[in-house]
Structure formats: C-alpha cells, structure tokens
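Colleague: model this:
(2 chains)
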Amino acid sequence: MSYLEIDNLTKQFGATTAVDHFNLHVEQGEMVALLGGSGCGKTTILRMIAGFLEPTEGSIRINGRTMNEIPPYKRNVAIFFQNYALFPHLTVYNNIAYGLKQKKMPKAEIQKKVADFVHLVRLEGLEKRYPRELSGGQQQRVALARALVMEPSVLLLDEPLSNLDAKLRIEMQVEIRQLQKKLNVTTIIVTHDQEEAVSLADKILVMSEGHLLQEGDPREVFNYPASPFLADFMGFTNFIYGTLQEVKDGKYYISARKTGEMLVAGGNAPADLKTGDSVVAAIRPGNVAGVSGRQDDRKENIYTGRVSAVTYKGNISQVDILEAFDTPLHMHCADYTGPMDGGEVTVYLPPEKLLIYKA
Amino acid sequence: MSQRKKLSILGLSMPASFLLVICFVFPLGYILVTTLAEDGPEYYIKFLTDPFYLKVLWRTVWISLVCTGVSLLFGYPTAYFLARTRSRMKNMLLIVTIFPFLVSAVVRAYGWQVILGKRGIVNQFLMAVGLVHKPLVILNTWMAVVIGMVHLLIPYMILSIAGVIQNIDPNVEYASYSLGCNKRETFWKVIFPLSAPGIISGCILVFTLSITSFVTPQLLGGAKFVMMSQLVDSQINTVFNLSFAAAISYILLFIILLFQFLANWSTKGIMNRVGGGGKRA
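Modeller: You can find the predicted model right below:
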C-alpha cells in the first residue's frame, strides 16, 4: 500500500472531461511532478487532492484513509499557490501561525514552531512585515513556511517557481528540494516546465488533455520520451521523417523523406519496428553538432544545409538550417561562429542521440 | 513617487478640482463669511442650546446610523453572492441591483406610503394571517423612514462591497481551508477583514446620503419626524431665515465630516494593509 493512492480519478465539468481515469501511487516522502501544458488537467488533480473540487469518479486515499468525503479543512493537505495567496492583512508571523492557531495549539508552542520555520526559510527579522512589504522571493518563502509548518500529510505545489526570475528559480529549486527531503514530506508538484520537474521530482508524470502519457523517473522521461508528442514537449524539436531500410547491430538505417539521405539512429526504438515502416527520428537541438568539414573522419550522419536564421539567446545561439532535410533543423551552439544567413553549414547528428518513433 | 508623476496626477485632477472649487468650495465659503459677518455666531448658539434642535440633530444621526447598519447587514450577503457567483446571470443580477436608481426617490416614497399605510398590503397581510388585530402604525414613524431609506441606499452598499470582494484572490480562501478553517471561520478571519475597504466606503456613502436626505423623511416620516434637511427647508421656505438655515447646514456638514474622519481614522490600520494601491517592496 502506498502512502498516497489515487485510483481512477475522473473529473467532468459539464460535457468536458478534465481528468480521465487517472492513477497515481506515491510513497511516503516521495516527490512527484505532474507535468503538462495548460488545460492538461494537472491543476484539477491538485485541487481534488486538496479537496477544493469533488471528483466525479474515483478515489483518493492518504495513508489508507479515503479522502473523498472529507472537507479540505480536515485533510491536513497543504497547498502552495502559484501566486502565493498570502493573507495580505496579516504579518509574516501571523501568516505562518494561521493554521497553528486554528489547531488551538498553546501560544508558546506556536511561537517556537513559527520561529523554527522562519529560520528554516531564512526570514529572520521579517516577522512583523506585511506581505506587500516583501519581495517576490520572500513572499514565496512565507507561503512555503505557512504550508510546511502544518506538518502536512501531503504537500501540493502549484507552479511554485513560475513567478520568479531565472536566478531566484534555481535558488528556490534547491531550497524546495532540500526542505522537502529534510522534512520528508510527500509532495506533488504541478508544473509546465520540464526542467523544473526534472530537477525537483523523484518521479514524473506527463499529462495531456486529462490523460497520463508517460510515467517514470526524471532521466527516463527526459531522455526517452514515449512518443513524438512527448519528445516535442521535452525539447526534442527536430523531427526527421523517413522509411526504415535496415536494422543492423542495433543500428537503424533510415532513408530520409524526399532527400533520400541515409540516417543512422541508435537511440530508443519501438520493439516491433519492421523494415519498410514509416518512422520519425527526433533529436534535441543541443545534440546537433556543427562540423568544420575536412578534418572530420566520421562517415555517417553528416549533412549539409543552408542557414536560414541565427538567433542569439544569451547563453546559446539557435541556428535554423534548411535543405538538410525536408523539415527545418535547429541547432543550439554555445558560441556559434559559422556562416550566417544564407551560408552553407555542415552538421553531424550523433546516432545514439536520435530517438525513433513510428510515424 | 517622482515629482513628475505627482504633477501629472495633479494635472489629471484639475478639471474636477476646478469644478468643485467654483461650484462648491467658493459658494460655501462665501455663505459662511457673509452669514457670520451679518449675524455673528448667534444662530449657531441658538441651535446648540435649544433642546428641540438638538433633538432633531440626534434623531438625524441615529436614523442615519440605523440605515447604515441595516444596509450593511442586508447588503453584505448580497454583495458576497454577486462578487463570487459564477452564474451567467451575474450581469443581469448587477443590473437588477442598480435598477431602483431608475425610479426617483419621490416616486419610491409614494410607493412605500401605499404599501406601509393603514390599509396597505403589509397591514392587510398581517391582519389576514391573524398576526395583528388592528392595523400597525408604520407610516410616519422611524420605521417607515428606515425602510424607505434602506431601499433607496442599499445599492450603494452592495456595489461598494461587491467591488472589493471581487478583487479578493479566491486562492486566499482556499489557502485558509487547507490550513484548517471551515467556511465560517474563513469568512471572519479572511474575507471580512479583506473587505473592510468596501464596507467603509459603503458605510460612508450610505451614512452621508441618509443624513442629508430630504424627500424620504419628508414623505414617510411625516410632520412629527423631522430631520435636519427638513429643518433647513422650513427655515428657507417657511420662516425665511436664511442665516439660520445656513447655520443648520454648516452644523450638518460638520457632523458629516466628523463621522468621515472617525471612520477613516479608526480603520486606518486595516486600510493601510489591504487598501488598494500603495507601494510594494
């Protein structure tokens, strides 16, 4: 028996099904990420676990106890909102103490616990401030402390980092992960950001339109998405279509559509692939390598195309390449010094980085 | 705030300020100066030493306070509902709320005369069900004035409060639930304090409009139930003592300002925290 068990959870709003027979088992102290675009049902699941929404069908059990009929204020499930939802009329201290006071905990004990958590989230000296007098990062830590001080059976994080700037995000990612491990609280995080999910969670569930598409540990989901749709979502934005010609020594030989170029792929492939099948190979832009022609002795997977655009993105440049295949190819380089718009460029696609799917 | 921003705000408020100064502040000051120059503080002393006038003032104040309280009591639940409903009828309901504004206060007061009179439907109903044996006297008492006034002014209360509740983040309520508070506790600990700005502005509006009302007490309160505005009216149109009328008006104005000041002062703390605008770190 798992600590948190969600079985056949379904939610319908009128005729639309927001969540369709969703299953999830989470162990005590585990952190699970629900990953998906907007409208995929992840937030609806979160709200059902918190008790704000009633499931149309299915059950939610925490520590063996069925939660369906239990109102949110008796569940001891803490939720952290994207916009923090702090009480604007209460000080930092009273925000954090809110739930403890409701529990009728003795005052001395409340003071001690609040002090502990203020220390834990590094808010010392700000106890008497009001939320509007705090920065975004500080507000976020208050919200985190307010949720964690309740020693919740389950902690729900709704897009916890999306309101922060890049530097603070990384900081908070580390902080949330450390706190979660330290307090060993069972946590479900909802996010649309794959990097956030990958860096925080022990297990990732990718969702779309109320359905679970893939479930697995972060590396597996990140490196071996189960379908072209998931590959696209995980950042494999290059898709090369073709026909499987031959399978030899675990290598797949594909003739590319229209151009007829031979493509060798060694990444994950469906087991039931046959010669003659239409396939699509996917590769991350970061794995496409620029080649300065002559000195290279590799024979396979070298292609030449025309640069259509170079976009500088700060830490990387994206190079869009046409005419190598019938679909454009994107390449990410740390510092790109090759030809600019219209120039010819040669690239190498490492076979082991090419994933194959049935088209 | 930068100097430039201050100036632009000043500039934007110019047309309204200009109008107020020309049409309001200037005539008000002019009357104060001329009446004081002519008669000195005589009429102010007369008003403040005569038990009859003091009684009218007291009556006007408590009637206005009752109207404000009743409007708040009945208006708040309606406002909460209007602000939080997801119904497609929401806009319809808002229109229904302000519908009474389309009918003039005079017409409405006459309507209440018919309803609350000795043979009005209220008394007919009470007698038909056997709750009373002879008609209740409602008309020409404080009750009729409160009923008429609340009916007239409650939309101001509802709209002020609904506007504020609408802007309270629903997640704040959910956060409270998840921290162990049920709906009732959440209301008193979160929603009510956060709606304070709406309550205060609604109360100030309703109180000010009640204390200065003329038509409703005139038509529903009768000759025995005189309020301040009627006193001013009788000094102008019956007694022709303009100086005394001016003195009464100034005392009324002072009372209004006093209550507004008290309301703002006593709620300064909560307004600073939850009131709109202001600075953010």
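
Colleague: low pLDDT regions in chain A?
Modeller: Counting by pLDDT under 70, chain A contains low-confidence ranges at A:293-298.

Colleague: Helices along that one, start to end?
Modeller: Applying DSSP state H to chain A gives helices spanning A:42-50, A:92-102, A:107-120, A:136-148, A:166-183, A:194-200, A:218-223, A:228-233.

Colleague: Neighbours of A:Asp217, how many?
Modeller: 12 (other Cβ atoms under 10 Å in any protein chain shown). Quick note: C-beta positions are derived from backbone N, CA and C, even for glycine.

Colleague: near chain B, anything from stretch A:9-20?
Modeller: No - shown here: stretch A:9-20 not in contact with chain B (Cβ under 8 Å from any Cβ of the partner chain), separated by at least 11.2 Å.

Colleague: Could you tell me which residues within that stretch count as buried?
Modeller: Neighbour-count burial for stretch A:9-20, counted by 16 or more other Cβ atoms under 10 Å in any protein chain shown, picks out A:9-11, A:17-20.

Colleague: ok, how many other residues are close to residue 32?
Modeller: You didn't pick a chain, so chain A it is. 22.

Colleague: Hmm, no, I was thinking of chain B.
Modeller: A count of nearby residues for B:Leu32, using other Cβ under 10 Å, gives 15.

Colleague: Run a quick check on it versus B:Ile251, I expect a contact.
Modeller: No - B:Leu32 is beyond contact range of B:Ile251, at 11.9 Å (criterion: Cβ atoms under 8 Å).

Colleague: on that earlier part again, could you dump the helices of chain A into TSV and include mean neighbour count and distance to chain B?
Modeller: Output for the helices of chain A, formatted as TSV (neighbours: other Cβ atoms under 10 Å in any protein chain shown; distance: least, Cβ to the nearest Cβ, whole Å):
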stretch	mean neighbour count	distance to chain B
helix A:42-50	23	6
helix A:92-102	22	3
helix A:107-120	15	13
helix A:136-148	23	7
helix A:166-183	15	15
helix A:194-200	21	20
helix A:218-223	17	27
helix A:228-233	18	27
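
Colleague: closest to B:Cys181 out of the ones you listed?
Modeller: Smallest distance to B:Cys181 across the helices of chain A (Cβ to Cβ): 5.5 Å, for helix A:92-102.

Colleague: Just checking the distance from that closest one to the centre of its chain.
Modeller: 31 Å (Cα atoms, centre = their mean, to the nearest Å).

Colleague: Quick one: low-confidence residue ranges for chain B.
Modeller: Chain B contains residues with pLDDT under 70 at B:1, B:275-281.

Colleague: one more time with 90, if that's ok
Modeller: Residues of chain B that meet the criterion pLDDT under 90 lie in B:1-17, B:21, B:24, B:35, B:38-40, B:84-105, B:117-124, B:126-141, B:221-225, B:264-281.

Colleague: Any buried residues in the lengthiest helix in it, and which?
Modeller: Counting by DSSP H, the longest helix found in chain B is helix B:51-84. Residues of helix B:51-84 classed as buried: B:53, B:56-57, B:59-61, B:63-68, B:70-72, B:75-76, B:78-80, B:82-84 (neighbour count, 16+ other Cβ under 10 Å).

Colleague: residues near residue 133, how many?
Modeller: Picking chain A for this. Residues near A:Glu133, counting by other Cβ under 10 Å: 16.

Colleague: meant chain B actually
Modeller: 7.

Colleague: Look up how far chain A lies from the closest residue to it other than its chain neighbours.
Modeller: When the adjacent residues along the chain are set aside, B:His133 lies closest to B:Met127, with 7.2 Å between them (Cβ to Cβ, 6 or more residues apart in numbering or on different chains). B:Met127 sits 47 Å away from chain A, going by Cβ to the nearest Cβ, to the nearest Å.

Colleague: Could you list which residues are in contact with B:Met127?
Modeller: B:133-135 (Cβ atoms under 8 Å, 6 or more residues apart in numbering or on different chains).

Colleague: Would you mind getting the angle between the helix or strand where B:Ile45 lies and helix B:51-84?
Modeller: Taking DSSP states H and E as the criterion, B:Ile45 maps to helix B:42-49. If you take axes from the mean of the first three to the mean of the last three Cα atoms, to 10 degrees, helix B:42-49 sits at 80 degrees to helix B:51-84.

Colleague: need the residues of chain B near chain A, please.
Modeller: Residues of chain B found near chain A (Cβ under 8 Å from any Cβ) are B:169, B:171-172, B:174-182, B:185, B:189-190, B:193-194, B:270, B:273-274, B:278-281.

Colleague: Whichever of the residues you listed end up buried, select them in PyMOL.
Modeller: Buried subset of the residues of chain B next to chain A, written as a PyMOL selection, criterion 16+ other Cβ under 10 Å:
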select buried, chain B and resi 171+172+174+175+176+177+178+179+180+181+189+190+193+194+270+273+274
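
Colleague: quick revisit: beyond the longest helix of chain B, next helix or strand please.
Modeller: Where DSSP H and E defines the elements, the next helix or strand beyond helix B:51-84 is helix B:90-98.

Colleague: Next, the buried residues of that next one.
Modeller: B:Thr97.

Colleague: Using CSV, write out the CA atom coordinates for whatever helix or strand comes next after that helix.
Modeller: Counting by DSSP H and E, the next helix or strand C-terminal to helix B:90-98 is helix B:105-116. What follows is helix B:105-116, C-alpha atoms only, in CSV (Å, rounded to 0.1, in the frame of the first residue of the first chain):
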residue,chain,number,x,y,z
ALA,B,105,-36.9,58.9,-4.6
VAL,B,106,-40.2,60.7,-4.7
VAL,B,107,-42.0,58.0,-6.6
ARG,B,108,-40.5,55.4,-4.4
ALA,B,109,-41.6,57.2,-1.2
TYR,B,110,-45.1,57.4,-2.5
GLY,B,111,-44.9,53.7,-3.3
TRP,B,112,-43.9,53.0,0.3
GLN,B,113,-46.8,55.1,1.5
VAL,B,114,-49.2,52.8,-0.3
ILE,B,115,-47.5,49.7,1.0
LEU,B,116,-47.0,50.8,4.6
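
Colleague: which other helices and strands contact helix B:105-116?
Modeller: Contact here means 3 or more Cβ pairs under 8 Å, 6 or more residues apart in numbering or on different chains; DSSP states H and E; on that basis helix B:105-116 packs against helix B:121-128, helix B:142-166, helix B:215-216.

Colleague: Give me the domain ranges for chain B.
Modeller: B:1-40, B:41-273 (automatic domain parsing).

Colleague: tell me which residues in the first one are buried?
Modeller: The neighbour-count criterion (16+ other Cβ under 10 Å) identifies B:31, B:35-36, B:39 as the buried residues of domain B:1-40.

Colleague: Once you drop chain neighbours, what's closest to A:Pro131?
Modeller: Distance criterion Cβ to Cβ, 6+ apart; nearest residue to A:Pro131, sequence neighbours excluded, is A:Leu86 at 4.2 Å.

Colleague: Distance of the one you found relative to B:Gly130?
Modeller: 56 Å (Cβ to Cβ, to the nearest Å).

Colleague: who has more neighbours, these two?
Modeller: The neighbour comparison of A:Leu86 against B:Gly130 (other Cβ under 10 Å) goes to A:Leu86, with 25 against 7.

Colleague: Hmm, A:Val142 and that one touching each other?
Modeller: Yes - A:Leu86 is within contact range of A:Val142, at 5.8 Å (criterion: Cβ under 8 Å).

Colleague: any idea how far the nearest residue to A:Leu53 once chain neighbours are set aside is from A:Glu300?
Modeller: The shortest distance from A:Leu53 to any residue other than its chain neighbours is 4.4 Å, reached at A:Arg47 (Cβ to Cβ, 6+ apart). Per Cβ to Cβ, A:Arg47 is found 51 Å from A:Glu300.

Colleague: before we move on, what about A:Thr237?
Modeller: From A:Thr237 to A:Glu300 the distance is 22 Å (Cβ to Cβ).

Colleague: re the thing from before, quick one, which of the domains of chain B is nearest to A:Arg129?
Modeller: Closest to A:Arg129 of the domains of chain B is domain B:41-273 (Cβ to Cβ; 10.9 Å).
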